[in-house]
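Chemist: what would the 3D arrangement of this be:
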Amino acid sequence: MTDVLGLSAGLVHRGPDDAGQFDDGDCSLAMRRLSIIDVAGGHQPIASESGDVVAVCNGELYNFQSLRPQLEALGHRFASGSDVEVAVHGYEAWGDGFLSDVNGMFALALWDRRRRRLLLARDRVGKKPLYYTVSEHGIAFASELRSLMSLPGRHWTVDRDACRAFCVWGRMPGDRTPLLEIRRLPPGHLGIWEAGRLAIRRYWTPEPATPPTDFAGAVQGLKHLFRDAVALRLISDVPLGAFLSGGLDSSAVVAMAAGVLGARIPTFNIAFPGHTDFDEAAHARRVARHFGCEHNEIPVTPADFANVDELVWLLDEPLADPAALPTLLLSRAARQVVTVVLTGEGADEVLGGYDRYWLSLRGAAVAAGLPGVRAAAAAGLRLRGARALDDSSLSRALRSVRQGDGDPLAWSRTLAEAPALARVADWPPAATAVVVEPGGDVTSGWGRLARLQCDDIGDLLVNGLLTKVDRMTMAASLEARCPFLDYRLVAFGLGLPDEWKLRGRTSKVVLRALAAELLPAEIRLRPKHTFRVPLAEWLRGPLKSWLDRATASTVLPRFGIATTDAVRALADAHVAGRANYTRSLWALITLHLWLEEAARRVIIECAA
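Modeler: Numbers count the residues shown, from 1 in each chain. Take a look at the predicted model:
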């Protein structure tokens, strides 16, 4: 059998407190534990009374305290106070359907010894990762891609189309990874390995809840669900804090936790000294002071990007989000004080917070009513020349008019893509298609905004934002919890009428109304400020050396992803100030560094 305990040693950052192993011949399990609930007694793998069901889990099952009495009433005996033990007894009592009763973030593996059956499951929105690979030897799975890459005797093949899609979207699409043989289990899915075969099926689909009858009811409904979601995520046997940007979402989390529920939590914030357009530190200090939180501020400068290659490898898979480094620095600082943090991720997707949503709905409506607008947009792009493909707001809007016409989803996707390299390298459209299973079966009764929200929940959120937060916090052995991604809040947000989420250019309307009860006016009335890094400027100056390395990359041409000439064309135009190709260039930098490091560690072949 494979030395699974040895393989799991590469996951020590995800679980520095404890290690465990199980082996019965057909199945070997190993885990690393970050001890949070029942620190002394919650060892894993954890088994049922008879030993017939064995489980390992990364994450938290938040509602274990309400599930446990139900299972005890059915005769199940608990040996610990661990949240994970409810999965073992829940499976015994309710079969695979126990997942429908769990409220949590998790990657779960459960071995049924009698049936010789392995169940893999991932939480509803994909907060926790689960990778797998199938071969003639069976199935192997892990919380990180790098663990599977280190399987002995395996050779891997670059997934060229997935890597090209990454260059356009900044994240790996759908269930794909950079390697053809390794896939991600999608969110809200379970995988059953039985009799040498893997069957994957969905156990949860985002669906809208019936909305309240009036707006005031919606505000109170959000307050009730949000309070309970935060309260569940405050359950911890170790110190807990919160990331606080000073924006509406994280401020609302702190307001509910500290202001309403009375939790005495420290807060943590990133600052960009000398960059007032990017720095929200003063707003975060104001919120922390208002709620009496001990506040910690971590400055970020270009010098912190000296080890981008280390950052890229810590991300586990390529991810072109420059905010990953600040998140890592923030996580490392927070870990000196706490083991768990609450964050504001998910509010934009769940409650309609992106500026892109307003522009997509409004732009599509205007374009549908003006037959000549697409031709005008095409003419405008021709006039912009090389800048037609760049990241400027005008170019993105013109591309959306030309491609999206009257379809808000097409507008939303076009606004989010970075097409420069695909056009310069002349890739076929199929090479960069977003390979995403729909987030839900959106019907006409949902409202126009729900279609955009589901698209983001099924791709941008899970493959981008949550990947960043999970890898960067776990690299620091810190657990992040996201109250806005409680599945009940997801259903509530999707079910709200469009005008309760987006009114003109005002986003998250119902959350802002609730914030009137929770936050001072100076915070809740601030315009939306996206957490960003001044990367366009830094790539022309202090970070140009990383751009030069990508321009000279041999791995990108060797694996058939992009030619040196195509990369150099974008880099030269950006550095000279003729265009802004920040997103495409950062994607190229991260992909180049990831492939370079991966090829040093394991055998990787080119796609046929």
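
Chemist: ok, residue 314 to residue 474 distance?
Modeler: Noted for residue 314: a distance of 9 Å to residue 474, by C-beta to C-beta, to the nearest Å. The C-beta positions use only the backbone N, C-alpha and C, and glycine is treated the same way.

Chemist: with neighbour numbers in mind, choose between the two.
Modeler: residue 474 (24 against 18; other C-beta atoms under 10 Å).

Chemist: and the pLDDT at that one?
Modeler: pLDDT, residue 474: 98.

Chemist: same for the helix or strand hosting residue 167, what does it pack against?
Modeler: Using DSSP states H and E, the element containing residue 167 is helix 160-169. On a contact count with 3 or more C-beta pairs under 8 Å, 6 or more residues apart in numbering; DSSP states H and E, helix 160-169 meets helix 420-424, helix 582-601.

Chemist: give the buried residues for the last one.
Modeler: Going by neighbour count (16 or more other C-beta atoms under 10 Å), the buried part of helix 582-601 is 582-596, 598-599.

Chemist: just stretch 294-301 next, same as before
Modeler: Neighbour-count burial for stretch 294-301 [16+ other C-beta under 10 Å]: 295-298, 300.

Chemist: report the mean per-residue pLDDT for it.
Modeler: On average, stretch 294-301 scores 92.

Chemist: what's in contact with it?
Modeler: Around stretch 294-301, the neighbours that count as contacts under C-beta atoms under 8 Å, 6 or more residues apart in numbering are 244, 266-273, 281, 284-285, 288-289, 325-326, 329-330, 333-334, 337, 533.

Chemist: for ChimeraX, what selects the buried ones among those?
Modeler: ChimeraX command restricting these to the buried ones, with burial defined by 16+ other C-beta under 10 Å:
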select :244,266,267,268,269,270,271,272,281,284,285,288,325,326,329,330,333,334,533
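
Chemist: returning to what we had before: elements contacting the very next helix or strand once past the helix holding residue 167?
Modeler: Remark: after helix 160-169, the chain's next helix or strand is strand 183-184, criterion DSSP H and E. If you count contacts as 3+ C-beta pairs under 8 Å, 6+ apart, strand 183-184 packs onto strand 131-135.

Chemist: got the buried residues for stretch 227-239?
Modeler: Buried residues in stretch 227-239 (16+ other C-beta under 10 Å): 228-236.

Chemist: looking at the buried residues of stretch 294-301, which two lie furthest apart in space?
Modeler: Spatial extent of the buried residues of stretch 294-301 (C-beta to C-beta) is set by the pair 295 and 300 at 16.4 Å.

Chemist: how about the secondary structure of the spatially most central residue of the chain?
Modeler: Nearest to the mean C-alpha position of the chain, by C-alpha atoms, centre = their mean, lies residue 466 at 1.5 Å. At residue 466, secondary structure determined by DSSP: H, G, I helix; E, B strand; the rest coil is helix.

Chemist: ok, now the one 4 residues further on?
Modeler: Residue 470 carries the three-state label helix when classified by three-state DSSP.

Chemist: residue ranges with poor pLDDT in the stretch 251-400 of the chain?
Modeler: 274-279 (pLDDT under 70).

Chemist: again, only using 50
Modeler: Residues of the stretch 251-400 of the chain that meet the criterion pLDDT under 50 are absent altogether.

Chemist: the helices in it, which residues?
Modeler: Here the stretch 251-400 of the chain has its helices, by DSSP state H, counting those that start in this stretch, at 281-290, 308-314, 324-335, 347-351, 355-369, 373-384, 393-404.

Chemist: to residue 253, which of these lies closest?
Modeler: Among those, the nearest to residue 253 by C-beta to C-beta is helix 347-351 (8.7 Å).

Chemist: quick revisit: rank the helices and strands packed on helix 160-169 by pLDDT, which is bottom?
Modeler: Looking at those, the bottom one is helix 420-424 with a mean of 92.

Chemist: and that one, how far from the chain's centre?
Modeler: 26 Å (C-alpha atoms, centre = their mean, to the nearest Å).

Chemist: who does it touch, helix- and strand-wise?
Modeler: helix 160-169, helix 564-575, helix 582-601.

Chemist: dump those into CSV; add distance to residue 90 as well.
Modeler: CSV is the format used below for the helices and strands packed on helix 420-424 (distance: least, C-beta to C-beta, whole Å):
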stretch, distance to residue 90
helix 160-169, 35
helix 564-575, 51
helix 582-601, 38
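
Chemist: which one of those lies nearest to residue 486?
Modeler: helix 160-169 (26.7 Å).

Chemist: just the angle for the closest one relative to helix 564-575, thanks.
Modeler: Interaxial angle, helix 160-169 versus helix 564-575 (axes from the mean of the first three to the mean of the last three C-alpha atoms, to 10 degrees): 10 degrees.
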